[in-house]
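[1] Quick one, what's the 3D model for this:
(one chain, ligands or ions: 1)
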Amino acid sequence: KNATGVTLIGLGPMGRAMVRRFLAGGHPTTVWNRTVSRADELVAEGAVPAGSVAQALAANELVVLSLTDYQAMYDILGQAEDALAGRVIVNLSSDTPQASRDAADWLAARGAKLVVGGVMVPEELVGTEQAYVFYSGPKAEFDRFEATLARIGRPDYRGEDHALAQLYYQAQLDMFLTALAAYLHANALVGSAGVSPSTFSPYAKETFDTLSYYFDDVVKQLEDGEYPGDGATVVMMGATADHIVGASEAAGVDTVLPKAVQSLYARTIAAGRGKEGWPSLIEVISGR
Ligand code: NDP
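    Residues are numbered from 1 along each chain as shown. You can find the predicted model right below:
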């Protein structure tokens, strides 16, 4: 049985890496890119160039998009709206969850289905063991193309709501970016007393390695909406947050990050939750 054909639109670093994985897996792969020359190397490696967006859409039922954002999808597919009927568009471009929902409606009005994806690794890891991709949208279409999509990374289907893939994607990066900034901030803090990053590194690793062990207890509290204050209370943790701000100010280190955390504690205390456990910050964070 021949491998499923795929059309890939958008040949930035991510798109090019994906095309190479599809070709390596034996999938006939048609490519299209706004800047035509970006397809040249891939065509030399076996990809089929489409002369227009309409031709790219006509070539395969499965059409993968790897673009800067969702506006690029409208700019491209808007050139060939009549060719969209019956296509399954798998959009692996980053954007807001609402952009995913709007795109699903726009495509449905033109007879196409949208599966949304969020690729969780950089270009050099596409197709490796570490690669995984969040998907959301119609399950039947996802199931039908899952084996093909698995070429670029382990598919992780999160549900029918089109917004879910980008929500998971951004939730992961929310933790990642904030944690990395906190790591740098902590380096600056000890660095103010001449402590080198290499001296500090084992301590930072200790903190990050043990962090997830708290989650099991916290998950239950978050799900119950009850935050027993028998461990670290909001008041106790809030005092620590104050000290981190004070230490940062004294050291001449930027205070934006610790002040954001301090504010969460202060507002939770102001809401009368000082004696609860620190997970009650979720009430302020969620805007409840
Ligand atoms: P790039 O921004 O480098 O490439 C984007 C592609 O979008 C190019 O093919 C570009 O065409 C096309 N494009 C952008 N705007 C338009 C437009 N208005 N009309 C037509 N084509 C357009 O992105 P990457 O390859 O790095 O990433 C693709 C997506 O994957 C992004 O959403 C990114 O956030 C996400 N991602 C990226 C990762 C990474 O490590 N790079 C990791 C995980 C996700 P042209 O060549 O003509 O400019």
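[2] burial of the nearest residue to Pro197 once chain neighbours are set aside, as a residue count?
    In space, and not counting its chain neighbours, Pro197 is closest to Asn187: 5.4 Å by Cβ to Cβ, 6 or more residues apart in numbering. Glycine gets a C-beta too; all of them are placed from N, C-alpha and C. By the measure other Cβ atoms under 10 Å, the count of residues near Asn187 is 17.
[3] next one: Thr128
    Neighbours of Thr128 (other Cβ under 10 Å): 11.
[4] Now do the contacts for it.
    Counting by Cβ atoms under 8 Å, 6 or more residues apart in numbering, Thr128 touches Val121, Gly153.
[5] just to revisit the earlier point, ok, the residue nearest to Pro197 touching Phe200?
    Yes - Asn187 is within contact range of Phe200, at 6.0 Å (criterion: Cβ atoms under 8 Å).
[6] mind checking how far the strand or helix carrying Leu149 is from the chain centre?
    Element membership of Leu149, judged by DSSP states H and E, is helix 139-149. Taking Cα atoms, centre = their mean, to the nearest Å, one finds helix 139-149 lying 20 Å from the centre of the chain it belongs to.
[7] what comes up buried for the very next helix or strand once past that helix?
    Using DSSP H and E, the helix or strand that follows helix 139-149 towards the C-terminus is strand 154-157. Neighbour-count burial for strand 154-157 flags Pro155, Tyr157 (criterion: 16 or more other Cβ atoms under 10 Å).
[8] next one: stretch 19-29
    Buried, per 16+ other Cβ under 10 Å, within stretch 19-29: Val19, Arg20, Arg21, Phe22, Leu23, Gly25, His27, Pro28, Thr29.
[9] The fifth one: what's it in contact with?
    If I follow you right, that is Leu23. Contacts of Leu23 (Cβ under 8 Å, 6+ apart): Thr29, Leu42, Glu45, Gly46, Ala47.
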